[in-house]
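Participant: heads up, no residue letters with this:
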């Protein structure tokens with residue numbers, strides 16, 4: 001009878017060890033999952049901040065370039081409008097090119 005008590009006790013110890021191991025594995029899985037979630041959230045926040053910074057820089061550059069473009073284009077159109085028109089010479093050139101006169 002004593003042998004069966006020892007065997008029963010060993011089986012009970014093994015069952016408790018298995019339960020303890022399962023609990024430890026479950027706790028480890030939970031901690032890993034929580035750490036992964038936290039790391040993902042931190043990465044996402046950093047990524048979104050980086051994207052926002054790049055977009056802000058891009059938008060500022062586009063605005064600056066647009067203003068410079070408008071200034072240069074306005075200056076160019078003013079210069080073109082200021083050039084005197086020599087319609088007589090233009091008509092003479094067209095006549096020579098088109099009609100060979």
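Facilitator: That came in fine, so what should we check first? On a predicted model such as this, the values are computed, not experimentally measured, just so you know. Numbering: from 1, shown residues only.
Participant: pLDDT (mean, whole number) over stretch 22-32?
Facilitator: The average of the pLDDT scores along stretch 22-32 is 98.
Participant: counting neighbours, what do you get for residue 29?
Facilitator: 10 (other CB atoms under 10 Å). The way it works is simple: take the backbone N, C-alpha and C, and place the C-beta from them, glycine included.
Participant: what about it, helix or strand, and which?
Facilitator: If you go by DSSP states H and E, residue 29 is part of helix 2-82.
Participant: next: residue 84.
Facilitator: Per DSSP H and E, there is no helix or strand for residue 84.
Participant: again with the one 4 residues further on
Facilitator: Mapping residue 88 onto the secondary structure by DSSP H and E places it in helix 87-94.
Participant: any regions of this protein where pLDDT drops low?
Facilitator: Flagging of the chain using pLDDT under 70 yields the residue ranges 1, 101.
Participant: tell me the centre residue of the protein?
Facilitator: Note on the chain: the residue nearest the mean C-alpha position is residue 51, at 4.6 Å, using CA atoms, centre = their mean.
Participant: so that one versus residue 45, what's the distance?
Facilitator: According to CB to CB, to the nearest Å, residue 51 stands 11 Å off from residue 45.
Participant: what's the local residue count around residue 14?
Facilitator: 10.
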